[in-house]
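> Return atomic coordinates for the entry below.
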Amino acid sequence: MLLFFKKLFGFIAVFLVMFSCVDNSVENYYLVVGASATNVELSTANDLKNDLSKVIDGTIQIITESDQEILKEKGIFFILGCPQSNTLIPELTAQTNIKLSSEIPGARGGIWSKTVLPNGQKAIIIGGSDVEGLQYAIYDYSKEILGVDPLEYWTGKLPGKKTTEDLFSFTSKTIAPPKVPMLTYFENDVDELANYRGKLLEYDWESYTELINSLVRLRYNSIQLFDMLGRPEFFIRPEYKALKPDYKIDIDYVDRMIDYAHEKGMKVAVDFALGYQIHPMEAEKADCWKRYKEDWLQAWRYYFENTPLAKTDIFILRPRHQVWDWEYESTCGESKIEVFNEVYKAFGNLVDEYKPKAQKVLVCYSDGMEMWNEGFRPPTDWTVLWSDHGFGDFEHLPNTTDGYKFGTYMHAGYWLNHTVHNPYPEKVEKVMKEMFQTYGADNYCLVNGQNFRPFLLNLEAYSEVCNNPDTFNGDAFYKTWTERYFTKEAAQYAVSSMKWLHKAQEGRKGYVEHLWEIREAVSYLSNAPIRRPGKTPIPFDYKRVEGDLENTARCQNYLQKSLEVAQKGYQLTQEKDNFYHAYILLPVVLYSDLIAFETTLHNMAVLKKEFEDTKNRIALDEAKSLLSKAKKQLETIYQRRASGDLDKKWNNWYSIKIRRQNNGFPTIEMLAEIESNLNKMTL
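Residues are numbered from 1 along each chain as shown. From the prediction side, this is the model:
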């Protein structure tokens, strides 16, 4: 085999002059992988085969470097692999201007190059310093040369046909390794993704594997499983028990999903909290380490010895309550800093015992960041992630990184806006570059993408800035991203609309936060406390409503501007583009519907307060007269959310019945209670 290709180099000079003269009527395309190609390499080569099938006609075959006879056939050849797995790669790259080894360009780096084989056939070399580098080189080629959208499943954007010349329309190049070596997607708050096909809280195989497929094309090289492991809410909280009383985690399914992620080259990260249904520990044991230390250790050992979590690659732990996602408050008089100094050492020892050299990651939430600044320190082999406040900014900053490897935990989507995205690539640029430059927080990036589909823009922005912060520019990214999907003119309106949508959510006021404000207004208008399962009721109080008036009015003003430009852009799309409607227009419509309803409740509350202060019956009558308007607005909210997207593929995505159970949702019954209370006030 090597002899055949050694002869090749003597012919290259002759056949390079033939490069532009080869017949374009190509019938066969060969993807040549190494004889020792890994499963991940073979999976990625198969992805390239599928991508090519979308844009060219002809027969596409995956062959190995040992298929000598086929290598003499006529066609276009793609030489794929790493120096370690495909012996053709070092042979061929030695004769080009591009160098490739395990050190050059380095981990997660790769190359594109072109050459001509001895029989005059054109060849494209796509290689990587390692398997990840090969993956990104191939997926970049699919995106940039073949026009395959890495988010195709979610956007519906299909590539156009390509000619032979198109396949070679690139300059040989070296693809540098990403700045951030580990980029993890956090699978958190994904109810809509789990529920929209009708199987409540069961993660649909197609959509979930497509999520992984898109992530790896965006250079995410790991995924943190969380909801899939059976988070405590799903089998304990009344709202979820009413939604699915027989909820039970499918452990075999989790095992298959981990295997699929590994097949696609993704490392699997797991927060080893102790409340998952996969093996739950009693919550009462999670707030006194010194008394229940052995129970914690025994539960962790069970994970390692009896569950698919034994396949974990990256071990995450938060210095918090280990069952519920809240601050650790000891019931036995402990210092939580001393507790977690011990916990991280003990858990780290378990990781070293079961998975030597595995990566260990500390995620500092708000209380964890305060603990860090007050002296909390895990063993030095833990990577420390600093957390944003949920919308891309930081409320706390480290006093010192103290020599630890530092990274970030960022939000592309957040539970306060899980229905409507908050687009902010400019913020991604500013904040991430500052974290890299000031704190050296470029060793790891964990990105909370919630239910994925609404947060594509920010997810890709984080990928781009972690890949190369020197070239990332928020405004340029906005332009490139929207023009990938829309005409230049429509893209301008899309960007403008998203910028207004971002302003509407200043102060961490997303869609779900307004649901809470609506509960406050309903509580005051019906003279009834806000009741929450397992918590003390909150008395009705006009001051709560009064504090929401200014922000809601400001939000409504910005949403109106966002809606106006979104509608103008939509008129310019071809055949009323489904993705423009789904990603640019519909979110603003849904948000505007909610704010219009909240505004009517606020107007009613102001009039009710006037009556209480002045006994002016006219004010109370005006408040009551607004009920019919509120009912129509609420009906509109339900209708628009039920209708979902124009694309039938996404039917039920916004259905009220399957939404994440945060802050409840207004109902007609609530309006009836308001009407009853206002009528009583006239007696």
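
> got the buried residues for stretch 646-659?
646, 650, 652-655, 658-659 (16 or more other C-beta atoms under 10 Å). Every C-beta, even on glycine, is put in place using the N, C-alpha and C of the backbone.

> Sorry, wrong one. I was asking about stretch 94-108.
Under the neighbour-count criterion of 16+ other C-beta under 10 Å, stretch 94-108 has 98, 100, 105, 108 buried.

> if you average pLDDT over the helix or strand hosting residue 360, what comes out?
Taking DSSP states H and E as the definition, residue 360 sits inside strand 359-364. The pLDDT scores in strand 359-364 average 97.

> now the nearest residue to residue 389 once chain neighbours are set aside: how far from residue 508?
Spatial nearest neighbour of residue 389, chain neighbours left out: residue 395 (4.6 Å); criterion: C-beta to C-beta, 6 or more residues apart in numbering. Residue 395 is 10 Å from residue 508, where distance means C-beta to C-beta, to the nearest Å.

> joint contacts of the two?
residue 389 (C-beta atoms under 8 Å, 6 or more residues apart in numbering).

> Which of the two has more residues huddled nearby?
residue 508 (16 against 11; other C-beta atoms under 10 Å).

> part of a strand, is the more buried one?
No: the assignment for residue 508, made by DSSP: H, G, I helix; E, B strand; the rest coil, is coil rather than a strand.

> thinking again about what came up before, which secondary structure elements does the strand holding residue 360 contact?
When contacts are defined as 3 or more C-beta pairs under 8 Å, 6 or more residues apart in numbering; DSSP states H and E, strand 359-364 sits against strand 314-317, helix 336-354, helix 366-373, strand 382-387, strand 406-411.

> Among the buried residues of stretch 94-108, which one lies nearest to residue 39?
When the buried residues of stretch 94-108 are ranked by distance to residue 39 (C-beta to C-beta), residue 108 comes first, at 18.2 Å.

> Just the element for the closest one, please.
Using DSSP H and E, residue 108 falls outside every helix and strand.

> check contacts around residue 514.
Residue 514 neighbours (C-beta under 8 Å, 6+ apart): 552, 555, 594-595, 598.

> In this structure, where is pLDDT below threshold?
1-25, 534, 683 (pLDDT under 70).

> switch to 50 and redo it
For the chain, applying pLDDT under 50 flags the ranges 1-24.

> ranges for the strands of it?
Using DSSP state E, the strands found in the chain span residues 28-33, 59-64, 76-81, 110-116, 122-128, 173-175, 183-186, 222-225, 267-271, 314-317, 359-364, 382-387, 406-411, 445-448.

> how far out from the middle of the chain is the first one?
Between the mean C-alpha location of strand 28-33 and the chain-wide mean there is a distance of 33 Å, by C-alpha atoms, centre = their mean, to the nearest Å.

> Which parts of the stretch 501-650 of the chain are helices?
511-526, 542-571, 578-580, 586-614, 617-625, 627-643 (DSSP state H, counting those that start in this stretch).

> Pick out the residue closest to the middle of this structure.
residue 449 (2.7 Å; C-alpha atoms, centre = their mean).

> Could you check how far that one is from residue 521?
From residue 449 to residue 521 the distance is 31 Å (C-beta to C-beta).

> Likewise for residue 396?
Relative to residue 521, and taking C-beta to C-beta, residue 396 is found at 32 Å.

> Those two: which is more packed in?
Per other C-beta under 10 Å, whichever of residue 396 and residue 521 has more neighbours is residue 521, with 29 against 18.

> can you put the strands of the chain in TSV and add mean neighbour count?
Putting the strands of the chain into TSV (neighbours: other C-beta atoms under 10 Å) gives the following:
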stretch	mean neighbour count
strand 28-33	22
strand 59-64	16
strand 76-81	26
strand 110-116	22
strand 122-128	25
strand 173-175	17
strand 183-186	26
strand 222-225	23
strand 267-271	22
strand 314-317	23
strand 359-364	22
strand 382-387	22
strand 406-411	26
strand 445-448	24
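
> Quick one: closest of those strands to residue 574.
Of all the strands of the chain, strand 59-64 sits nearest to residue 574, with 29.8 Å by C-beta to C-beta.

> Please identify the pairing partners of the closest one and their relative orientation?
If you go by DSSP bridges, strand 59-64 pairs up with strand 28-33 (parallel).

> From the buried residues of stretch 646-659, pick the one nearest residue 640.
residue 654 (7.7 Å).

> just checking, that closest one touches residue 642?
Yes: under the criterion of C-beta atoms under 8 Å, residue 654 makes contact with residue 642 at 7.4 Å.

> Against residue 608, how distant is residue 621?
Distance of residue 621 to residue 608, computed by C-beta to C-beta: 11 Å.

> These two: which is more packed in?
residue 608 (24 against 13).

> Surely that one and residue 524 touch.
Yes: when contacts are counted by C-beta under 8 Å, residue 608 is listed as touching residue 524 (7.4 Å).

> Can you pull the residues that touch both of the two?
With C-beta under 8 Å, 6+ apart, residue 608 and residue 524 have common neighbours residue 542.

> hmm, back to that, quick one: closest of the strands of the chain to residue 502.
Residue 502 sits nearest to strand 406-411 of all those, at 13.5 Å, using C-beta to C-beta.

> so what secondary structure elements neighbour the closest one?
Counting contacts by 3+ C-beta pairs under 8 Å, 6+ apart, strand 406-411 packs against strand 359-364, strand 382-387, helix 425-439, strand 445-448.

> what angle separates it from helix 366-373?
160 degrees (axes from the mean of the first three to the mean of the last three C-alpha atoms, to 10 degrees).

> now strand 406-411 against strand 359-364, angle please.
In terms of direction (the same axes, to 10 degrees), strand 406-411 departs from strand 359-364 by 60 degrees.
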